[in-house]
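Chemist: Let's see this in three dimensions:
(chains A and B)
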Amino acid sequence: MKITRRALAASALALGSACGAFAAGHEPVTVGFIYVGPIGDGGWTYEHDKGRLAVEEHFGDGVRTLYQESVPEGADSERAMTQMIRQGADIIFTTSFGYMDPTINVAARFPDVKFEHATGYKRAPNVSTYSARFYEARAVLGHIAGELTESNKIGYIASFPIPEVIRGINSAYIHAKKANPDVELSVVWVYTWFDPAKEADAAKALIDQGADVLLQHTDSTAPQAAAEAAGDVYTFGQASDMPEYAPKPRVSSIIDDWAPYYIERVQAVIDGTWESTDTWDGIAPGMVRIGEISDAVPADVKAEALSLKNRLASGEYHAFTGPLNRQDGSVWLAEGETADDGTLLGMDFYVEGIVGDIPN
Amino acid sequence: MIALEKRPEPSSFWRWVAPIVAVALTMAAGGAMFAILGKDPTEAIRTIFWDPLFGPFAAHDRPQLLVKGGPLILIAIGLSLGFRAGVWNIGAEGQYILGAICGAAVALAFYPLDSWVVFPLSALAGGLGGWAWAMIPAILRTKFNTNEILVSLLLVYAAEQLLASASLGFLRNPDGAGFPGSRNLSRYDAAANREILEGSGIHWGVSAAFLAVPAAHALMTRHRVGFHIRVSGESPRAARFAGVDPNRLTIFCLGVSGALAGLAGFFEVAGPAGQISIDFNAGYGFTAIIVAFLGRLNPVGITLAGLLLALTYIGGEAAQATMGLPAAAIQAFQGMLLFFLLGVDVLTKYRIRPARRARA
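Modeler: Residues are numbered from 1 along each chain as shown, chains lettered A, B, ... in the order given. Got it, this is the predicted structure:
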């Protein structure tokens, strides 16, 4: 491999410097995007592609974007990145956790190309990471859920038992419980990010168990459809706004908005100020947004939710503020203490009050 | 109305020319599709079929053809034995996953021991894992006469759940901050599936595939088992008179295809993919079915078919990145290939006749 790598690295250097020269003139900066799913999934990849389109709109002729959909994680993604570098890519966004090691591998071969890896933790001089504090939005959704439920049972459709999902469950539960001390949370793990059939089954099972509010960490609208069919059940859009189910069952949503970040990073490449960074942004810079809270939510609840959102955005309030205990009853955060990012990033426990075990 | 009439003896010339005609028809129909999508059809066809072999970056692409084609050929060789005997293993994808899990588990159990025994033992475990997974449909078939098509296919979904569980649980990287996915085997020297000749793309899995080809050829033409396989597929009744034990043959065919798929899984996880992750499997087990049929269930044909399919993947990715062709168009293009092959096949075996009205 070494020979090829060296040869490629040499050609990449040539390409890289050529592109640098172009950027100084009027040639567009080339921006690549590696997508894990099809754009049409209406969720994760769809929102990243909206970010790409926003980059095109913002910079106009100043950029050229490339993208490849449904790229398997592993060797195929390394090839996809290499392919884009041949096309003159100056910066590549790899938009799924599974691209972590491939991104690091390719970045080592092409030191002049910038890489941005979503949701990972490995960085290099030419690899940044970025992710969103979805748990902030989930606190607001949890609050609304706690207020809305009449059966005091909230259902949660969870994808994989990884820290990001566990954080979301904890954040939603803590704030639902604050709004309604009698609330109970049932979690169903579906082991997929997008599978309408499985999500619909999970939604029906939760509704059958008496849940009248559903939260989801999966991307399809199947739970919305199941809730609509069942009648008096509330849901929240995930990743995308899912407005077609508003005002009910979808009463609000959690929206990923990558556009500001993508524009900022591409601008840094154009300006020559790009540096490897680790970004974990929340509601404040607009990376996480709360979709419109519909009229199905009483006005006072809506006002409380918006105030919670504003306090999260201003930094006045942290979604994980003590006193909080772990599920086993041991103390996690003392009164007034807030969670540190390290613990949150590796979160592998439920907070006190959630019934059930995290599968592994 | 027209009817199909079986030709008494299909021409051996057409049997071998049919795949070439199918490829030509695919190029024509695919080109038309690309034109409808507003892309230059000649450029698309050239990007897919010509550039990876002879284009400016061919030095990098040619080894990739082997990396992509190797597992397809290895799995398809195993499947072809069963398919010729009328034993339908549709679940190679699951056996591939189990091979990867078992191989990685053994390798990681040795971590960080630096000894030459780690790699062969892990490869053995990979083969055994795939074999054991294939034994489930084999035993159910021989003991209870269940349908091996259904059982082997459904076991793919079971294998995917095991894969998720492995990457989130028992094989999770303890230094991975709680994120899913195992340690990276390609960075563990004793277990890594390295290239035998640097820069050639020929790793141990690719060489195993190239060894399997003559081995399968010898088995089919020189060995009694090969005769049993052929006679069972062509005439099950004659096979019984010839003293073939159908149960043993079923177990043999499923076992070999499972073991080869398992080996392919291990070579992939220890090399190009690098780690066990939730989405580790990229469909090689299913694509290998196409490769087996495209290659006429003949070892040499399978080698060519595997490389051809690898070419459409690598060229297809290039067409996505350079020409902005959607991923779905590339998949449709690959689908056309199979469709035309089967279509041309029908015409080699049958001829079209105007149907006579049945007498009342």
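Chemist: going forward, measure contacts between C-alpha atoms and count neighbours the same way
Modeler: Will do.
Chemist: Show me the strands in chain B, by range?
Modeler: B:2-6, B:350-354 (DSSP state E).
Chemist: mean confidence score for the first one?
Modeler: Strand B:2-6 comes out with an average pLDDT of 80.
Chemist: one step back: with mean neighbour count and distance to chain A added, can I get the strands of chain B in JSON lines?
Modeler: Output for the strands of chain B, formatted as JSON lines (neighbours: other CA atoms under 10 Å in any protein chain shown; distance: least, CA to the nearest CA, whole Å):
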{"stretch": "strand B:2-6", "mean neighbour count": "13", "distance to chain A": "40"}
{"stretch": "strand B:350-354", "mean neighbour count": "13", "distance to chain A": "39"}
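Chemist: So for A:Glu275, which of those sits nearest?
Modeler: strand B:350-354 (65.5 Å; CA to CA).
Chemist: taking the mean pLDDT, what do you get for the closest one?
Modeler: 80.
Chemist: so what does it touch, helix or strand wise?
Modeler: Where contact means 3 or more CA pairs under 8 Å, 6 or more residues apart in numbering or on different chains; DSSP states H and E, strand B:350-354 is packed against strand B:2-6.
Chemist: Give the pairing partners of the strand it packs on; include direction for each.
Modeler: Strand B:2-6 has the following sheet partners, assigned by DSSP bridges: strand B:350-354 (antiparallel).
Chemist: Dump the partner strand to PDB, keeping only the CA atoms.
Modeler: Written as PDB, here are the backbone C-alpha positions of strand B:350-354 (Å, rounded to 0.1, in the frame of the first residue of the first chain):
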ATOM      1  CA  TYR B 350     -35.600 -21.300 -24.800                       C
ATOM      2  CA  ARG B 351     -36.800 -20.000 -28.100                       C
ATOM      3  CA  ILE B 352     -39.800 -17.800 -28.700                       C
ATOM      4  CA  ARG B 353     -42.700 -19.300 -30.700                       C
ATOM      5  CA  PRO B 354     -46.100 -17.900 -31.500                       C
END
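Chemist: Same list as before, the strands of chain B that is, but in a markdown table and with distance to A:Lys248 included.
Modeler: Putting those into a markdown table (distance: least, CA to CA, whole Å) gives the following:
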| stretch | distance to A:Lys248 |
| --- | --- |
| strand B:2-6 | 55 |
| strand B:350-354 | 58 |
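Chemist: among the ones you listed, which is nearest B:Ile302?
Modeler: strand B:350-354 (23.5 Å).
Chemist: If I look at B:Ala332, what pLDDT would I see?
Modeler: 92.
Chemist: and A:Asn310, how far is that from B:Arg183?
Modeler: 41 Å (CA to CA, to the nearest Å).
Chemist: neighbour count winner among those two?
Modeler: B:Arg183 (22 against 15; other CA atoms under 10 Å in any protein chain shown).
Chemist: ok now do that one, which residues does it touch?
Modeler: With contact set as CA atoms under 8 Å, 6 or more residues apart in numbering or on different chains, B:Arg183 has these partners: B:Leu108, B:Leu171, B:Arg172, B:Asn173, B:Pro174, B:Gly176, B:Gln275, B:Ile276.
Chemist: mind running it again at 10 Å?
Modeler: For B:Arg183, the contacting residues are B:104, B:108, B:111, B:167, B:171-176, B:274-277, by CA atoms under 10 Å, 6 or more residues apart in numbering or on different chains.
Chemist: Got the phi and psi for it?
Modeler: phi -60, psi 160 (degrees, to the nearest 10).
Chemist: Could you find the residue nearest the spatial middle of chain B?
Modeler: Centre of chain B computed as the mean C-alpha position; nearest residue by CA atoms, centre = their mean is B:Ala288, 2.0 Å away.
Chemist: Isn't that one up against B:Leu72?
Modeler: Yes. Counting by CA atoms under 10 Å, B:Ala288 sits close enough to B:Leu72 to count as a contact (5.0 Å).
Chemist: what touches both of these two?
Modeler: With CA under 10 Å, 6+ apart, B:Ala288 and B:Leu72 have common neighbours B:Ala261, B:Ile302, B:Ala305, B:Gly306, B:Leu309.
Chemist: Just among the residues you listed, which is most surrounded?
Modeler: B:Ala261 (40 neighbours).
Chemist: close enough to count as contact, it and B:Ile90?
Modeler: No. If you go by CA under 10 Å, B:Ala261 and B:Ile90 don't touch, sitting 11.4 Å apart.
Chemist: What about A:Ala197, how many residues nearby?
Modeler: Counted with other CA under 10 Å, A:Ala197 comes out at 12.
Chemist: follow-up on the earlier one: what's the residue nearest to the centre of chain B in contact with, if anything?
Modeler: The contact partners of B:Ala288, by CA under 10 Å, 6+ apart, come to B:69, B:71-80, B:90, B:92-93, B:261, B:294, B:302, B:305-306, B:309.
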